[in-house]
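# how would this look folded up:
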Amino acid sequence: MPSLSEAIHKKYGKEDAQNVEFGLPIEIYVPKTNPRNCMPSLLVLNDCDIESAGDEEELDEMCQIVEDLDLAQNKLEKWSEIFGILTHMPRLKFVNLSFNNLHSEILTTSTQNIFPFLRNLVLNGTLIEWKSVRTLLRLLPSLEELHLSLNAYSYVDLDPAPYATLRRLHFMGNPVHTWLEVCKLGAVFPELESLVLADCPLASLDVPEEREASPGGRTESESELCQCVTCPHACFARLHFLNLNNCLLSSWSEVERLSRFPALRQLRLSGCPLFEDYTEQERRQLLIARLPNVEVLNGGGVITDEEREDAERAFIRHYMDKPESDRPERYGDLVSVHGQLQPLVSIDLSPKKKVRITFRCGERADVRCISVYQTVQELKHRLEEFSGICTAKMRLFYLDQDLRAVPGCQEEMRFPTRQLYRYNMASGDEILVESKP
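Reported below is the predicted structural model:
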């Protein structure tokens, strides 16, 4: 396995090019460029099988100007080797160590291992333990952005002392299922402005009075937190951006809690079970009407006054014929603004919202009632358990029941963001599930 210094020489070193002769009375001399003199400030060496720092004197000479370091998908396992690399890069601001196996504990630290200029640290898929995270936070006094996604965290275990410099935290794909664990992140990082929780199995934003302790028992800091957290937004006074894509929210009352986050202006919320029976336009309007604080929803531009008014009027009409007990509190607020509206003339040309489809994968078959307003990507995600094929390697073929006898009539569902109704599906049609070669 190569060291970092060897990988640098291999990628950035130059061969000697002495006198180059072309059979002409002209000679061109191309001097050799030493890697010490051509080293870029952005050093990208991912997937190079690097497992150690290598020659420290060479690193010290070559890496003085390096500011961004990408060492993702290498063979680094020892923190002593990582610190041996970082100490020779005094200007370092960004480090990506994703998908190195960093499960081992940080055994020794010293004042030499404090990195005052490092602003952004990426540790996705490293399986780093919470104890090591706590140690790193003490060594990185200026850290502003931290990535801890895909590390199999089911709970949060950080020091109670606030870490005031962190502004952006990526925590996606971790199996945390209670909002209290998320509140621990907000308590430790009180200046947090951006939080990514996509693909976390959060079914509720509630903070119940009866609370389970974290594995290993409740710590003193956890007990203090339980006393001060009285509502979902208590620890997120400065949170401006929140990503809850593909979480498990299943009721509108959970969504309405987001309107109480005092600084929340940008929200990403899609792929939740709650939205399965709604069209894309219905989802957006019902979200905008419920969340007057949100200015940007699921990317794109700022919500205009015209779009918000249309959404609020659509919201009133959506609930006006429902029993008063089924109307949310927001309904009364909007009626006081827009008044009682007349129902619109209903001419429904939209496709049926649900159809019964037969799914086939090899010898297995399954009949399901599915929403035609979900996307191909969302459907693939829901077929993983049935097919045993991961989303990235899954292929879907749509088979119209009226065209089964026609050779080659299957249509591959190639576009992940296309909604199913665009295939004109009807009950009785089939979808074939196959694996990519």
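# Sticking with the residue nearest to V188 when sequence neighbours are not counted, tell me its helix or strand.
Nearest residue to V188 in three dimensions, chain neighbours excluded: L158, at 4.6 Å (Cβ to Cβ, 6 or more residues apart in numbering). For the C-beta atoms, the positions are set from N, CA and C on the backbone; glycine is no exception. Element membership for L158, per DSSP states H and E: none, as it lies in no helix or strand.
# State the number of residues packed around L158.
Taking other Cβ atoms under 10 Å as the criterion, the count of residues near L158 is 17.
# wait, doesn't it sit right on G186?
No - look at L158 against G186 with Cβ atoms under 8 Å: they stay out of range, at 11.0 Å.
# thinking again about what came up before, what's the pLDDT at the residue nearest to V188?
Predicted confidence (pLDDT) for L158: 94.
# That one and V229: what is the separation?
Separation of L158 from V229 (Cβ to Cβ, to the nearest Å) stands at 15 Å.
# now L45
In this structure, L45 and V229 are separated by 42 Å, where distance is defined by Cβ to Cβ.
# Let me see the ranges of the helices in the stretch 251-400 of the chain.
Taking DSSP state H, counting those that start in this stretch to define them, one finds helices in the stretch 251-400 of the chain at 252-256, 280-290, 305-319, 329-338, 376-382, 384-387.
# where are the low-confidence patches of the stretch 1-150 of the chain?
Counting by pLDDT under 70, the stretch 1-150 of the chain has low-confidence residues at 14-38, 109-112.
# That one: helices as residue ranges?
4-12, 35-38, 56-62, 79-86, 130-139.
# Just tell me which of those helices ends up closest to C235.
Checking the helices of the stretch 1-150 of the chain against C235 by Cβ to Cβ gives helix 130-139 as the closest, at 17.0 Å.
# got the angle between the closest one and helix 79-86?
When axes from the mean of the first three to the mean of the last three Cα atoms, to 10 degrees is applied, the directions of helix 130-139 and helix 79-86 differ by 30 degrees.
# What residues of helix 130-139 count as buried?
When burial is assessed from 16 or more other Cβ atoms under 10 Å, helix 130-139 yields the following buried residues: 132-137, 139.
# Can you name every helix or strand that that helix contacts?
Applying 3 or more Cβ pairs under 8 Å, 6 or more residues apart in numbering; DSSP states H and E, one finds that helix 130-139 contacts no other helix or strand.
# pretty sure A365 contacts S387?
No - A365 is not in contact with S387 according to Cβ under 8 Å; the separation is 11.4 Å.
# what's around L383, how many residues?
Applying other Cβ under 10 Å, we find 21 other residues in the vicinity of L383.
# Verify the stated contact: I303 with I288.
Yes - checked against Cβ under 8 Å, the pair I303 and I288 is within contact range at 6.0 Å.
# excluding its backbone neighbours, what's nearest R265?
Nearest residue to R265, sequence neighbours excluded (Cβ to Cβ, 6+ apart): E295, at 4.7 Å.
# what sits against that neighbour?
265-266, 302-303 (Cβ atoms under 8 Å, 6 or more residues apart in numbering).
# closest to P437 among those residues?
Relative to P437, and with distances defined as Cβ to Cβ, the nearest of those is Q266, at 40.4 Å.
# Now do the same contact list for that closest one.
Residues in contact with Q266 (Cβ under 8 Å, 6+ apart) are 240-242, 294-296.
# repeat for V229
With contacts defined as Cβ under 8 Å, 6+ apart, the neighbours of V229 are 180, 183, 187, 207, 235.
# rewinding a little: adding distance to P437, write the helices of the stretch 1-150 of the chain out as TSV.
Written out in TSV, the entries for the helices of the stretch 1-150 of the chain read as follows (distance: least, Cβ to Cβ, whole Å):
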stretch	distance to P437
helix 4-12	32
helix 35-38	41
helix 56-62	43
helix 79-86	38
helix 130-139	40
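# quick revisit: A365 and S387: which has the busier surroundings?
Between A365 and S387, counting by other Cβ under 10 Å, S387 is the more crowded of the two (21 against 11).
# separation between S435 and E77?
Distance of S435 to E77, computed by Cβ to Cβ: 32 Å.
# My read is that L97 contacts W79, right?
No - the pair L97 and W79 does not pass the contact test of Cβ under 8 Å, sitting 10.1 Å apart.
# More neighbours: those two, which one.
Neighbours around L97 and W79, counted as other Cβ under 10 Å, are more numerous at L97. The numbers are 25 against 20.
# Against L45, how distant is the more buried one?
Distance check for L97 against L45: by Cβ to Cβ, it reads 12 Å.
# Mutual contacts of the two, please.
Each of L71 lies in contact with both L97 and L45 under the rule Cβ under 8 Å, 6+ apart.
# So what does Q419 have for phi and psi?
Dihedral angles phi and psi of Q419 (degrees, to the nearest 10) take the values phi -80, psi 150.
# Give me the domain ranges for the chain.
The chain breaks down into these structural domains: 1-152, 354-435 (assignment by automatic domain parsing).
# contacting residues for the residue lying closest to K11 once chain neighbours are set aside?
The spatially closest residue to K11, leaving aside those adjacent along the chain, is L45, at 6.6 Å (Cβ to Cβ, 6+ apart). Contacts of L45 were listed using Cβ under 8 Å, 6+ apart, and they are 4, 7-8, 11, 69-71, 74.
# and the nearest residue to F261 once chain neighbours are set aside, helix, strand or coil?
With Cβ to Cβ, 6+ apart as the criterion, F261 has its nearest non-adjacent residue at 4.4 Å, and that residue is H233. The assignment at H233 comes out as coil when based on DSSP: H, G, I helix; E, B strand; the rest coil.
# any chance you could map the strands in the stretch 101-250 of the chain?
Assigned by DSSP state E, counting those that start in this stretch, the strands in the stretch 101-250 of the chain fall at 120-122, 145-147, 168-170, 194-196, 241-243.
# out of the ones you listed, nearest to V337?
Between V337 and the strands of the stretch 101-250 of the chain, the tightest spacing by Cβ to Cβ is seen for strand 241-243, at 25.6 Å.
# Show me what the closest one packs onto, helices and strands only.
Counting by 3+ Cβ pairs under 8 Å, 6+ apart, the packing neighbours recorded for strand 241-243 are strand 194-196, strand 266-268.
# same question for the last one, mean pLDDT?
If you average the pLDDT over strand 266-268, you get 98.
# Use 10 as the first number from now on
Understood, numbering begins at 10; the last thing we discussed is strand 275-277.
# what's the spacing between H242 and Q410?
If you measure H242 against Q410 using Cβ to Cβ, the figure is 50 Å.
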